[in-house]
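1. Need a 3D model of the sequence below.
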Amino acid sequence: MAIHPTPPTSSLPPLAKLSSCTLAQISQAIDNLRAIYATPPTPPKPTLFLPKPKFLPKHLIHDTTVPDSGYASAEGEDDDSDSILEDEGSEDQFSFDLDVLRSDTFEREFVIRWLTGFTVRSDMWVYAPEDETESDARASLVDAAASLLASFAGEEEEEDITRTFTFPTLPGVGTSAVHVELNDAPLLTDDHTSVGLQSWGSSILLAERMCLDPAAFGLVHPANHPLRILELGAGTGLLSIAAAKLLASSTNVPEIVATDYHPLVLDNLRANVERNFSSSGHSVAVRPLDWQYPMYEGLFARSFDVILAADVIYHPDHARWIKACVERLLMSDRGVFWLIIPIRPTGRHEGMSSTVEATFPRASDLETKQGRELAILTVEELSKHSGIGRADEGGYRLYKIGWA
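-> Predicted structure coming up:
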């Protein structure tokens, strides 16, 4: 199908009226921007006739001497966009040349301001509908807008960062401190499942506590078999690697399995494991695991003594999927599942922490009945540490979950 791009100044909806915009309207706007700015330039073609005149979008007089931060007031955006829309008139009957639109400085600056304002205001728009499917579709459009905005930032790419962590231990553990070196890779702006490319505050806090008191977290070998540890949504592998180093001096070699879903996260996870252990062998296996459609075979055919997970709730279904996996993979007698999540009072992931307690009942609330059920045994509120975690994290909640 031929592309008929429309000048952004005459097609993007006013941000001041974003709350009233439908999914279809924003989707059409994003698709139009993709057609203009995400499509490779058309190679020149030889022609034996005069080309048709290229129609340029009409621009209002605009003072470009004052830079626009992209955070203009609602009134300003409303007036600006409405005026431009009123001027579109007869231009709609023509198909504007794609290369001309792409190189138009005024249009480009207008798009950058609009995308910036849209992503900043997106939370209210994303979660306005009661239908969860539409909210997910709206969130995908916000990701697409963020990806487009990132493409305007220039050709410079964010570089990987090597982070070194040193966690103190108590006497008798076998080592004075646990040292972990990790590679934090840039996030993919258009894919939320790539969050595991970076180390988050919750995993750092849990690793610190594990190193100070391994026995409290079940990191001691059972009498009848080697300790088996599973990490869900391992990301950079901080918890798995720290646990392996804590137990390195043990006579019984533990079996530790670090899992994640995104292929690039798994690649980075394997590299981090190799970075922290000698080439002669290490005690952390890396495997893919899809919580929604898990395959209980290979290393997942037997249960685990300890399951760890940090900052893994980014969707209302995640807690439910995780519970199903833990019910299948946690040892039925003394197994324990440690889950730490950040409390995000604002933003796209506001309230995700509440899905944990909606999925896992409190052990104290269970009525006497036959059989056992996974339940929350204890909950600990942790304050945010200076220099650790994202700006939208107000604190952390550490759950000890087991059979009750």
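2. So which residues of the stretch 151-300 of the chain form strands?
-> Along the stretch 151-300 of the chain, counting by DSSP state E, counting those that start in this stretch, strands occupy 161-168, 177-184, 228-232, 255-260, 284-288.
3. out of these, nearest to residue 306?
-> Residue 306 lies closest, by Cβ to Cβ, to one member of the strands of the stretch 151-300 of the chain: strand 228-232, at 4.8 Å. All C-beta atoms are positioned from the backbone trio N, CA, C, and that covers glycine.
4. who does that closest one pair up with?
-> Here strand 228-232 is paired, per DSSP bridges, with strand 255-260 (parallel), strand 306-310 (parallel).
5. That strand relative to strand 284-288, how many degrees between them?
-> 40 degrees (axes from the mean of the first three to the mean of the last three Cα atoms, to 10 degrees).
6. All the helices of the stretch 251-400 of the chain, in order from the start?
-> In the stretch 251-400 of the chain, the segments counted as helices under DSSP state H, counting those that start in this stretch are 263-276, 318-329, 354-359.
7. Would you mind listing the buried residues in the longest one?
-> Judged by neighbour count using 16 or more other Cβ atoms under 10 Å, the buried positions of helix 263-276 are 265-266, 268-269, 271-273, 276.
8. Also the second one?
-> Within helix 318-329, the residues that count as buried by 16+ other Cβ under 10 Å are 318-319, 321-323, 325-326, 329.
9. one step back: tell me the most buried of the strands paired with strand 228-232?
-> Across these, the average number of neighbours (mean count of other Cβ atoms under 10 Å) peaks for strand 306-310, which reaches a mean of 27.
10. quick revisit: residue 228 is nearest to which of the helices of the stretch 251-400 of the chain?
-> For the helices of the stretch 251-400 of the chain, proximity to residue 228 was assessed by Cβ to Cβ; helix 318-329 is nearest, at 9.5 Å.
11. Looking at that closest one now, give me its mean pLDDT.
-> Helix 318-329 shows a mean pLDDT of 97.
12. now for that helix, which elements pack on it?
-> Helices and strands touching helix 318-329, by 3 or more Cβ pairs under 8 Å, 6 or more residues apart in numbering; DSSP states H and E, are strand 228-232, strand 306-310, helix 354-359, strand 374-382.
13. Just want the angle from the first one to helix 318-329.
-> In terms of direction (the same axes, to 10 degrees), strand 228-232 departs from helix 318-329 by 160 degrees.
14. Could you do the last one as well?
-> In this structure, strand 374-382 runs at an angle of 120 degrees to helix 318-329, with the same axes, to 10 degrees as the basis.
15. I'd like to know how far residue 387 sits from residue 341.
-> 20 Å (Cβ to Cβ, to the nearest Å).
16. Which one of those two is surrounded by more residues?
-> residue 341 (22 against 6; other Cβ atoms under 10 Å).
17. From residue 166, how far off is that one?
-> 25 Å.
18. Then residue 374?
-> Taken as Cβ to Cβ, the span from residue 374 to residue 166 is 34 Å.
19. Between the two, point out the one with more neighbours.
-> residue 374 (20 against 12).
20. what pairs with that one across the strands?
-> residue 403.
21. which residues does it contact?
-> 323, 326-327, 330, 337, 360, 401-404 (Cβ atoms under 8 Å, 6 or more residues apart in numbering).
22. do residue 321 as well
-> 291-292.
23. what's the spacing between it and residue 30?
-> The value you get for residue 321 to residue 30, if Cβ to Cβ is used, is 29 Å.
24. Flag the shaky bits of the chain, pLDDT-wise.
-> For the chain, applying pLDDT under 70 flags the ranges 1-3, 39-97, 99-101, 153-159, 186-199, 279-282, 347-348, 368-370, 390-392.
25. Can you find which helix in it contains the most residues?
-> helix 132-151 (DSSP state H).
26. So residue 277 is in contact with residue 240, correct?
-> No: with contact defined as Cβ atoms under 8 Å, residue 277 does not reach residue 240; the gap is 11.0 Å.
27. what's the overlap in contacts for the two?
-> residue 284.
28. ok, the two, which is more surrounded?
-> residue 240 (29 against 16).
29. how close does that one sit to residue 285?
-> 9 Å.
30. what's the overlap in contacts for these two?
-> 256-258.
31. dump the residue contacts of residue 168.
-> 176-177, 211-212.
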